[in-house]
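[1] just the structure for this:
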Amino acid sequence: MDLLARREHSRVELDRKLSRRGFPPELLGPVLDQLTAERLLDESRFVESFVSTRVRRGQGPVRIGAELRQRGVAEQTGEQGVAAAEVDWVVRARETRRGKFGEAPPADRREWARQARFLQYRGFTSEQIRAALGEPPQRG
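    Numbering: from 1, shown residues only. This is a model prediction of the structure:
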């Protein structure tokens, strides 16, 4: 209960944490089932909270989906959670770029590529990155 009081967890994530703390595996299943039945452990609530937090941090849908899968959330559930967030990912990518690099657009191809790599690392798709940065400057 102490873990759930701090923040939402996925079932797999909570199972892993309790296993590492020495709880017997044969007891974990029934306990997690009971927590789920009492809605103290709720996968959809976890996904909603997780996506919201990551969007505020400037992360894109690709990275958020990958992190959800690492935490044991089914791919379809994660995709639904990202879609339910109703985020304009291009606007989010622009804001993330602006926060890191300032208002000025990339001056040359090299800077454009550097900013694109940053946004890609943050988890934005190539289409979102091109929309956020515009087309790369032509060689001069």
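
[2] in the helix or strand that contains Ala132, what counts as buried?
    Secondary structure from DSSP states H and E places Ala132 in helix 126-133. Residues of helix 126-133 classed as buried by neighbour count (16 or more other C-beta atoms under 10 Å): 128-130, 132-133. C-betas here are computed from N, CA, C, even on glycine.

[3] same question for stretch 76-83.
    Residues 77-79, 81-82 are the ones in stretch 76-83 that count as buried (16+ other C-beta under 10 Å).

[4] in strands only, show me those residues.
    Taking DSSP state E, every one of those sits outside strands.

[5] now, which of the buried residues of helix 126-133 sits nearest Val55?
    Closest approach between the buried residues of helix 126-133 and Val55, by C-beta to C-beta: Gln128, at 13.0 Å.

[6] report the separation between the closest one and Ala116.
    When distance is defined by C-beta to C-beta, to the nearest Å, Gln128 is 10 Å away from Ala116.

[7] tell me the SS of Phe124?
    Three-state call for Phe124 (DSSP: H, G, I helix; E, B strand; the rest coil): coil.

[8] my guess is it contacts Ala93. True?
    Yes. Using C-beta atoms under 8 Å, Phe124 is in contact with Ala93, at 4.6 Å.
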